[in-house]
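K.L.:
No sequence on hand, only this structure:
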């Protein structure tokens, strides 16, 4: 293990954050030097100094070992969350030490949960910085860093193998340089086009930029206390819904669809399953809301579609408080808080890919019991699913549920009620944003004790790194 190489690449990730802080400071400058300007400028300078030292004193080396890659990726996320809290702390207000850490971690992991009672009290510079943390975290801190490296040889391969979900790689049929470019091209293209659409729909341009970054990153940070409900515009809601759905799809499939190449969205069994889940889930919740006299049919469809899409894509925007919804709707939203969207997207959670493989494995096992002598293999996209993949999926889901249980137990031990504890951990582990109880869609995490906020922050990082990346951080010695 060469700690110097680990620090060099971690420093590169830190420098990336300094650049975005400088851009945010420029936003403050153009807004009559708002109160976020000096905190952002000072943060950018401090962060740039911190990130520069390893680059100055450690020579470049592109031959990175596997365990070094894991350590670089985990440290990059932790270091970014650390430096990302500096502007908040320097600005003050509601940002205590723990609150700053929580808000920063929530931004980078694209969870979108907040501890702020009054988001609109923040100056535009800080609001833009919040969105920037979503933007950096959505594409992946390491992916952003690799994109600006002129040449990194094997380093790009090693680091991207850790950063990109193993399930997502099957739909990328290119070399790693091409994958990084595809991911960022689709990412920037979606943000740009959504910004234009929202601006034309009547949303202020600053809000449109911040909302678009949050949408495509499936983050959920809003510039308004009432989230998307503030605008009370069906046109804006439809635009946001469309881009949330698109952002929940595999970016490689989106690129293939845009480029009119083989292997587009509709040819993917996982994508079809994901889209069908949205249709079925929306219809069930709409019927449940309407039949329980919660809203009119049109309102039921409007609220159900937006909230369900917001949850399954792990975006977390809100147009209504779901805490008062009937039990069936709440249970369905909780299930899809665990389920979430496709691998290869900016979404978190267990992923639709794994859930579909689980269903197919269950079906094949049932058929084997009926026909013991038959050779029955579950298939995905007409290709047999390997036993090793099935094994890894089952272990991942088991580990995921175990961490959810442990986190819930810890929060309940801190005297947080059961519904709030369970959904807070579930939404943080899945990088979703809103839960139920004290952390509902139009609520926030400010009422949780500081210890619970720390636990939820760790759950966010654990979920964003898909469990194994974070676990490996504590098992480096066993790699000898």
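P.N.:
Arrived safely, thanks for sending. From a predicted model like this one, the values you see are computed outputs, not experimental measurements.
K.L.:
next helix or strand past the helix or strand bottoming out on mean pLDDT in the chain?
P.N.:
None of the helices or strands of the chain scores lower by mean pLDDT, DSSP states H and E than helix 154-163, at a mean of 48. Going down the chain from helix 154-163, the next helix or strand is helix 176-200, by DSSP states H and E.
K.L.:
what helices or strands is that next one leaning on?
P.N.:
Contacting helix 176-200 under the criterion 3 or more Cβ pairs under 8 Å, 6 or more residues apart in numbering; DSSP states H and E are the following elements: helix 124-139, helix 141-148, helix 154-163, helix 205-216, helix 234-247, helix 251-258. Quick note: C-beta positions are derived from backbone N, CA and C, even for glycine.
K.L.:
for stretch 458-474, the distance to its chain's centre please.
P.N.:
Offset of stretch 458-474 from its chain centre (Cα atoms, centre = their mean, to the nearest Å): 13 Å.
K.L.:
Now do the end-to-end distance for it.
P.N.:
With Cα to Cα, to the nearest Å as the measure, stretch 458-474 spans 13 Å from end to end.
K.L.:
and what of stretch 320-335?
P.N.:
Terminal residues of stretch 320-335 are spaced 19 Å apart (Cα to Cα).
K.L.:
same check, this time on stretch 217-237
P.N.:
When the termini of stretch 217-237 are compared using Cα to Cα, they are 17 Å apart.
K.L.:
again, but for stretch 336-348
P.N.:
Distance between the two ends of stretch 336-348: 11 Å, counting by Cα to Cα.
K.L.:
Could you confirm residue 26 falls within a helix?
P.N.:
Yes: the assignment for residue 26 by DSSP: H, G, I helix; E, B strand; the rest coil puts it in a helix.
K.L.:
So what's the residue count around it?
P.N.:
Per other Cβ atoms under 10 Å, the neighbour tally for residue 26 reads 15.
K.L.:
ok, it to residue 187 distance?
P.N.:
As for residue 26, its distance to residue 187 is 21 Å (criterion: Cβ to Cβ, to the nearest Å).
K.L.:
Strands of this structure, start to end?
P.N.:
Taking DSSP state E as the criterion, the chain carries its strands at 379-380, 383-384.
K.L.:
Export those strands to CSV and append columns for mean neighbour count and distance to residue 432.
P.N.:
As requested, those are arranged in CSV below (neighbours: other Cβ atoms under 10 Å; distance: least, Cβ to Cβ, whole Å):
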stretch, mean neighbour count, distance to residue 432
strand 379-380, 14, 25
strand 383-384, 10, 30
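K.L.:
I'd like those strands written out as CSV, with distance to residue 251 and mean pLDDT added.
P.N.:
Shown next, in CSV, are these (distance: least, Cβ to Cβ, whole Å; pLDDT from 0 to 100):
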stretch, distance to residue 251, mean pLDDT
strand 379-380, 19, 84
strand 383-384, 21, 85
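K.L.:
right, so of the ones you listed, which gets closest to residue 248?
P.N.:
For the strands of the chain, proximity to residue 248 was assessed by Cβ to Cβ; strand 379-380 is nearest, at 18.2 Å.
K.L.:
Could you list every helix and strand in contact with the closest one?
P.N.:
Counting by 3+ Cβ pairs under 8 Å, 6+ apart, the packing neighbours recorded for strand 379-380 are helix 352-370.
K.L.:
And the average pLDDT for stretch 414-425 is what?
P.N.:
Averaging pLDDT along stretch 414-425 gives 95.
K.L.:
can you pull the buried residues of that stretch?
P.N.:
416, 419-425 (16 or more other Cβ atoms under 10 Å).
K.L.:
and if you look at stretch 460-475?
P.N.:
Result for stretch 460-475 [16+ other Cβ under 10 Å]: buried residues 460-470, 472-473.
K.L.:
Distance from the chain centre to it, please.
P.N.:
Distance of stretch 460-475 from its chain centroid, counting by Cα atoms, centre = their mean, is 14 Å.
K.L.:
Can we start the residue count at 6 from this point?
P.N.:
Right, with 6 as the first residue, what we last looked at is stretch 465-480.
K.L.:
Can you name the residues in contact with that stretch?
P.N.:
When contacts are defined by Cβ atoms under 8 Å, 6 or more residues apart in numbering, stretch 465-480 is touched by residues 72, 75-76, 78-80, 82-83, 86, 110-111, 113-116, 118, 142, 167, 170, 353-354, 401, 404-405, 408, 433-436.
K.L.:
hmm, which of these are the buried ones?
P.N.:
Among the contacts of stretch 465-480, the ones that count as buried by 16+ other Cβ under 10 Å are 72, 75-76, 78-80, 82-83, 86, 110-111, 113-116, 118, 142, 167, 170, 353-354, 401, 405, 408, 433-436.
K.L.:
Would you quantify the distance from the residue nearest to residue 132 when sequence neighbours are not counted to residue 85?
P.N.:
In space, residue 132 comes closest to residue 228 once its chain neighbours are excluded; the distance is 5.1 Å by Cβ to Cβ, 6 or more residues apart in numbering. Noted for residue 228: a distance of 22 Å to residue 85, by Cβ to Cβ.
K.L.:
swap in residue 312?
P.N.:
The spacing between residue 312 and residue 85, counted by Cβ to Cβ, is 30 Å.
K.L.:
Quick check: which ranges of the stretch 106-255 of the chain have low pLDDT?
P.N.:
Applying pLDDT under 70 to the stretch 106-255 of the chain picks out residues 146-183.
K.L.:
50 - rerun?
P.N.:
Scanning the stretch 106-255 of the chain for pLDDT under 50 picks out 147, 153-158, 160-165, 167-168, 177.
K.L.:
list the contacts for the nearest residue to residue 368 once chain neighbours are set aside?
P.N.:
Closest residue to residue 368 apart from its sequence neighbours, by Cβ to Cβ, 6+ apart: residue 383 at 7.0 Å. By Cβ under 8 Å, 6+ apart, the contact list for residue 383 reads 362, 365-366, 368-369, 389-390, 395.
K.L.:
Pull out the buried residues from those.
P.N.:
362, 365-366, 369, 390, 395.
K.L.:
And those residues, which is the shakiest by pLDDT?
P.N.:
Ranking the buried ones among the contacts of residue 383 by pLDDT, residue 390 lands last with 85.
K.L.:
any idea how far that residue is from residue 244?
P.N.:
Distance, residue 390 to residue 244, by Cβ to Cβ: 37 Å.
K.L.:
again with residue 472
P.N.:
Remark: distance between residue 472 and residue 244 (Cβ to Cβ) = 34 Å.
K.L.:
now swap in residue 17 and tell me
P.N.:
Note on residue 17: its distance to residue 244, by Cβ to Cβ, is 35 Å.
K.L.:
How about residue 445?
P.N.:
The spacing between residue 445 and residue 244, counted by Cβ to Cβ, is 24 Å.
K.L.:
And these two? Which one has more around it.
P.N.:
Ranked by neighbour count (other Cβ under 10 Å), residue 445 and residue 244 place residue 244 first, with 23 against 20.
K.L.:
Run through the residues that contact that one.
P.N.:
By Cβ under 8 Å, 6+ apart, residue 244 lies in contact with 199, 202-203, 206.
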